[in-house]
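> Here is my input, please return the structure:
(2 chains)
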Amino acid sequence: MTREEELLLEQVVSAHRERGVDGAIRSHPAWHDLSDDLRREAFDETLRSRQLEAAADPENQSGTVHAVLARLRR
Amino acid sequence: MQDELSLLGRIQAGDAGAFGQWASASERALRLTLRPFAALVDTEAVLQEALLRVWQVAPKFTHDGKPNALLRFSVVTARNCAVSELRRSRPSAAQLDALERELASQAEVAPITPDPLLRAAILECRARLPPQPRQALEQRLSSGGVDDDATLSSRVGMTLNTFLQNVTRARKLLRACLEKAGIALDGELT
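Modelled structure (predicted):
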């Protein structure tokens, strides 16, 4: 994996996502720049990362759950 | 089953904390059902959208009396979100056929309970991280997906690329530390 690919992958692993103009959660712009293999790698890395986040959180909540709760509490 | 019904009742009454509790137990199982879409759509965005939709329709949801009713409903919701997203990229018939076959072979889903041993090991391994990777990882963890990486990196005085490299390094070091303690984090495992 090149350094550039590693940086793209790391951005996609983040739980941060923006809303589109239609109000729906948008795909991460960096996701579109990944090859199919790297998209699968990003999926697995995200799975592991969320497991780490949840295990490190006092309420067992991953970045995904925190992001969703922040949206529904707005 | 009684716990599930009690939690569902609180969710239907608009208790976001109860929804967070349910989502934490369901997230991993739900994400794994999206694996067939991994190269086709951004499954993180799909999963967040699906969870928001489940929250929105939960007050009208009727339990069918079988275990994990809301989770099973969420699987259908997440797949529908993924298919809607996929259709925007005009997939080929072959892609759709392969996807359908893979989805049909998926096993029943169940919530996953937290592992106290993993929690203890992660705390210990996090404390051993070098300062910069630890700082970057703490930002990601405390932000909970609310802020983008550009914001997080500026908070710790790093360029975006340095921040991303430090997060990657932190996760690799954490994984190595956990493996040393006999704990394998594997995306392939459920």
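> continuing past the helix or strand of chain A with the lowest mean pLDDT, what's the next helix or strand?
Using mean pLDDT, DSSP states H and E, helix A:3-13 stands out as the lowest-scoring helix or strand of chain A, at a mean of 89. Downstream of helix A:3-13, the next assigned helix or strand under DSSP states H and E is helix A:36-56.
> which other helices and strands contact that following helix?
Here helix A:36-56 touches helix A:3-13, helix A:63-72, helix B:16-33, helix B:43-57, helix B:116-127, helix B:131-143, helix B:160-180, going by 3 or more CB pairs under 8 Å, 6 or more residues apart in numbering or on different chains; DSSP states H and E. C-beta here means a position set from N, CA and C on the backbone, and glycine is covered the same way.
> of all those, which lies closest to B:Val83?
When the helices and strands packed on helix A:36-56 are compared by CB to CB, helix B:43-57 sits nearest B:Val83, at 9.5 Å.
> what angle separates that closest one from helix B:16-33?
Relative orientation of helix B:43-57 versus helix B:16-33 (axes from the mean of the first three to the mean of the last three CA atoms, to 10 degrees): 140 degrees.
> Distance from the chain centre to helix B:43-57, please.
11 Å (CA atoms, centre = their mean, to the nearest Å).
> what pLDDT, on average, does that helix get?
The average pLDDT for helix B:43-57 rounds to 95.
> And for stretch B:152-172?
Mean per-residue pLDDT for stretch B:152-172: 92.
> How about that stretch and chain A, touching?
Yes - interface with chain A: stretch B:152-172 contributes B:Asn161, B:Leu164, B:Gln165, B:Val167, B:Thr168, B:Arg171 (CB under 8 Å from any CB of the partner chain).
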